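Chemist: can't give you the sequence, but here's the structure:
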């Protein structure tokens, strides 16, 4: 573990029993008091589930396929990260309060921590989910490249923490199941990352319909082209390369790393996979939620 970083336990606190960055917890009263507007759109994910991809698709929809307009500013300014509060980089609540409507809001919060005003104002919410094995791999590499976060001792160690819910935002299982329950609400659209990878056109059409937007072949084609993995990986407004190495060291691992379905097979040992499968079965028992770990 890098000596310049604090230990894992020093870096995180608990918010409603859920591990969270201490800096976010310090300012969380501002999140709780956040005033939603009826035309706010909230994008919610468990971390490393395709948040930036979905955010850019929504930006393209809101800008009627105008690529240049989407490139005018970085994604974390166009879609502020609600609960994020860091001294120098971003403050989601402040950014959102200064924005004109309609606003697109990004959050990783579980159902119980999302500001109540979003429910009171009947805002539309899109939840994007991704299979747990690919999430844990992506999350591991993300934590390695975010300079301030303490490194896990090993991938195996991180998977153990992930299974125990001792990573930022807590248990993937609880997070995903709680949002799946909320998807009974017609204002909540629940999507799967694997479906987007398999048939992006179908999922973009679903988004346009949910948002009450007209879908033309030309618009859908533009969205698909602009939001392909390679395009976004090369786009400074989506690949986070505008942030300095002191914040995200992309020499360690790029922010847009692979975006594949099934990359977990390159990292899980047979024993770890068996252990994870057993744990997964226990945690998801009784849930109607089904994920694909390959397509």
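Modeler: Received the coordinates, thanks. Nothing here was measured: the structure is a model prediction, and the numbers come from that model.
Chemist: just say helix, strand or coil for residue 101.
Modeler: Here residue 101 is recorded as coil under DSSP: H, G, I helix; E, B strand; the rest coil.
Chemist: quick check: it touching residue 37?
Modeler: Yes - applying CB atoms under 8 Å as the test, residue 101 and residue 37 come out as touching, 5.5 Å apart. (Each C-beta comes from the backbone N, C-alpha and C, glycine too.)
Chemist: neighbour-wise, which of these two wins?
Modeler: Using other CB atoms under 10 Å as the criterion, residue 101 and residue 37 rank with residue 37 on top: 15 against 8.
Chemist: ok, now how distant is that one from residue 104?
Modeler: Going from residue 37 to residue 104 by CB to CB, to the nearest Å gives 12 Å.
Chemist: give me the mean pLDDT for stretch 40-59.
Modeler: For stretch 40-59, mean pLDDT is 95.
Chemist: and that stretch, how far out from the chain middle?
Modeler: 6 Å (CA atoms, centre = their mean, to the nearest Å).
Chemist: measure that stretch end to end?
Modeler: Distance between the two ends of stretch 40-59: 13 Å, counting by CA to CA, to the nearest Å.
Chemist: list the buried residues of it.
Modeler: Neighbour counts using 16 or more other CB atoms under 10 Å place 40-59 of stretch 40-59 among the buried residues.
Chemist: mind listing what residue 165 touches?
Modeler: 18-19, 171-174 (CB atoms under 8 Å, 6 or more residues apart in numbering).
Chemist: which element is it on?
Modeler: Secondary structure assignment for residue 165, by DSSP states H and E: no helix or strand.
Chemist: what about it, distance to residue 172?
Modeler: Between residue 165 and residue 172 the computed distance is 8 Å (CB to CB).
Chemist: what ranges do the strands span in the stretch 151-295 of the chain?
Modeler: All strands of the stretch 151-295 of the chain, identified by DSSP state E, counting those that start in this stretch, fall at 188-192.
Chemist: give me the low-pLDDT residue ranges for it?
Modeler: The stretch 151-295 of the chain contains residues with pLDDT under 70 at 229, 232, 236-237, 239-242, 244-246, 248-257.
Chemist: got it, and the stretch 1-150 of the chain?
Modeler: The stretch 1-150 of the chain contains residues with pLDDT under 70 at 1-6, 8-9, 88-89.
Chemist: how about the helices in it?
Modeler: 8-11, 22-26, 28-32, 51-62, 67-70, 75-78, 92-98, 116-120, 132-145 (DSSP state H, counting those that start in this stretch).
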